[in-house]
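**Q** With the sequence up front, the predicted model follows.
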Amino acid sequence: MSENNPKNVLVTGASSGIGKACAIYLAKKGYSVIATSRSLPKLSSVEKVVQDHGLDIKTAELDINSENSIEDTIPYLVSEHGVIDVLINNAGYGLWGPADSISIAEMESQMKTNFFAPFRLMKAVLPDMLNNHSGTIINISSILGRIGTPFNGAYVASKFAMEGLSESMRIELWPLGIRVVLLEPGYIKTDFHKNQVTASKAYSTNLRYGKIQYNGETQNRAYFMLSQNPIKVAKKVHSIVRSNNPKFRYTINKEAMIGALCARFIPERIFQSILSRTTM
Ligand SMILES: NC(=O)c1ccc[n+]([C@@H]2O[C@H](COP(=O)([O-])OP(=O)(O)OC[C@H]3O[C@@H](n4cnc5c(N)ncnc54)[C@H](OP(=O)(O)O)[C@@H]3O)[C@@H](O)[C@H]2O)c1
């Protein structure tokens, strides 16, 4: 790896799905990877790959929702392994349910993990990146960071927030040598659906959505048939990390690309009518 190329990569939520695929793929490509999880035992399958293939992946426990955990862990990792050149803000989950059924606590928890935690991590790695005038931050958003679909309001809000923050940071950090990039996957075959949280009052009998909500849920499940292997995301991440001049947004999968194009070029009223007919 040349001197200009980034070396140390930190991936959050690396115990499964996209995070795990990115950690292993980048290590296979010669990067020095720190794979983090809320719980070290969950990284045992990553450690097995490390042993079997002799990869340069260190595992670390990091609770992205804890300010103390980030404040203690990031400086420790830097002192042990050197400055973090690439941050992949990947950890996240979906909260499902009609917006009026979601409690404030459930919404806060969604924003805490999907928005405040990535922000906190960016703040933790930025001082070193700024000193070095280089670094790449890849925020794993979603096509739902651009398009609001029914019954996904909390998740959509968290990803829209991540997109807005990233857009501002991209522009302010570019002249200082730091690249902020958004990745917007469509359906990817991971444990995302299994780990999705349903709002505790989503099925309350006093809600009026009835068949629409049922359709929304079954359609959502059906669309997961389109899911692609997370390696697709890992390959894109690799190409971003290698680039000195990455774009700001990358959509992954056909349905995400079509969605993004429609959101941009079709009049809003028509697009929302298409969305309501295809999602519920
Ligand atoms: N799968 C898709 O179709 C898809 C599409 C678009 C975007 N995405 C985004 O891709 C990212 C990775 O998701 P995935 O598909 O790989 O799902 P996944 O298999 O469920 O993995 C999610 C990872 O995030 C961490 N995580 C989950 N809930 C958390 C919580 N409450 N607090 C802290 N960490 C939590 C977990 O890490 P630990 O438990 O190890 O800490 C887990 O390894 C997410 O940001 C998701 O929004 C996924």
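**A** Nice, I can see it. For clarity, every value in this text was computed on a predicted model and none was experimentally measured.

**Q** can you list contacts of the helix ranked longest in the chain?
**A** Taking DSSP state H as the criterion, the chain has its longest helix at helix 153-173. Here helix 153-173 makes contact (C-beta atoms under 8 Å, 6 or more residues apart in numbering) with 89, 92, 94-99, 102, 106-107, 110-111, 113-115, 118-119, 122, 126, 137, 139, 141-142, 144-149, 179-182, 199, 248. Heads up, the C-betas are built off the backbone N, CA and C, glycines and all.

**Q** Just the buried ones out of those, please.
**A** 89, 92, 94-98, 102, 106-107, 110-111, 113-115, 118-119, 122, 126, 137, 139, 141-142, 144-149, 179-182, 199 (16 or more other C-beta atoms under 10 Å).

**Q** can you narrow those residues to ones near the ligand?
**A** Restricting the buried ones among the contacts of helix 153-173 to those touching the ligand (C-beta under 6 Å from any ligand atom) yields 92, 113, 142.

**Q** would you turn those into CSV with pLDDT, secondary structure and distance to Y203?
**A** Shown next, in CSV, are these (pLDDT from 0 to 100; DSSP: H, G, I helix; E, B strand; the rest coil; distance: C-beta to C-beta, whole Å):
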residue, pLDDT, secondary structure, distance to Y203
G92, 98, coil, 24
T113, 98, helix, 23
S142, 98, coil, 24
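
**Q** Nearest to N244 among these?
**A** Nearest to N244 among these is S142, at 26.1 Å by C-beta to C-beta.

**Q** Out of the contacts of helix 153-173, name the ones that lie in strands.
**A** Residues of the contacts of helix 153-173 located in strands (DSSP state E): 89, 95-96, 137, 139, 179-182.

**Q** what's the most distant pair in these?
**A** W96 and R179 (32.5 Å).

**Q** Near the ligand, which residues of this protein? Just list them.
**A** Counting by C-beta under 6 Å from any ligand atom, the chain sits next to the ligand at 13, 15-19, 37-38, 42, 64-65, 90-93, 113, 140, 142, 185, 187-188, 190-192, 195.

**Q** Using the centroid of this structure, identify the residue furthest from it.
**A** Distance to the chain centre peaks in the chain at N206, reaching 33.8 Å (criterion: C-alpha atoms, centre = their mean).

**Q** any idea how far that one is from P98?
**A** Separation of N206 from P98 (C-beta to C-beta, to the nearest Å): 11 Å.

**Q** Ok, N244 next?
**A** Using C-beta to C-beta, N244 is found at 45 Å from P98.

**Q** Tell me which residue is most central in the chain.
**A** I140 (2.8 Å).

**Q** where in the stretch 51-200 of the chain is pLDDT low?
**A** The stretch 51-200 of the chain contains no residues with pLDDT under 70.

**Q** tally of neighbours for the residue nearest to the residue nearest to the centre of the chain when sequence neighbours are not counted?
**A** Residue nearest to I140 in three dimensions, not counting chain neighbours: N90, with 4.5 Å by C-beta to C-beta, 6 or more residues apart in numbering. If you count neighbours by other C-beta atoms under 10 Å, N90 ends up with 26.

**Q** With L207 instead?
**A** Using other C-beta under 10 Å, L207 is surrounded by 14 other residues.

**Q** pretty sure it is touching D100, no?
**A** Yes. Using C-beta atoms under 8 Å, L207 makes contact with D100 at a distance of 7.4 Å.

**Q** what about the residue nearest to Y223 when sequence neighbours are not counted, how many neighbours?
**A** Spatially, and ignoring its direct neighbours in sequence, Y223 is nearest to Y187 (6.0 Å; C-beta to C-beta, 6+ apart). Y187 has 20 neighbouring residues, counting by other C-beta under 10 Å.

**Q** same question, N245
**A** 6.

**Q** does the residue farthest from the centre of the chain count as helix, strand or coil?
**A** Look at N206: counting by DSSP: H, G, I helix; E, B strand; the rest coil, its state is coil.

**Q** Give me the local confidence score for it.
**A** The model reports N206 with a pLDDT of 70.

**Q** ditto for Q272
**A** pLDDT, Q272: 95.

**Q** Good, we can wrap up now.
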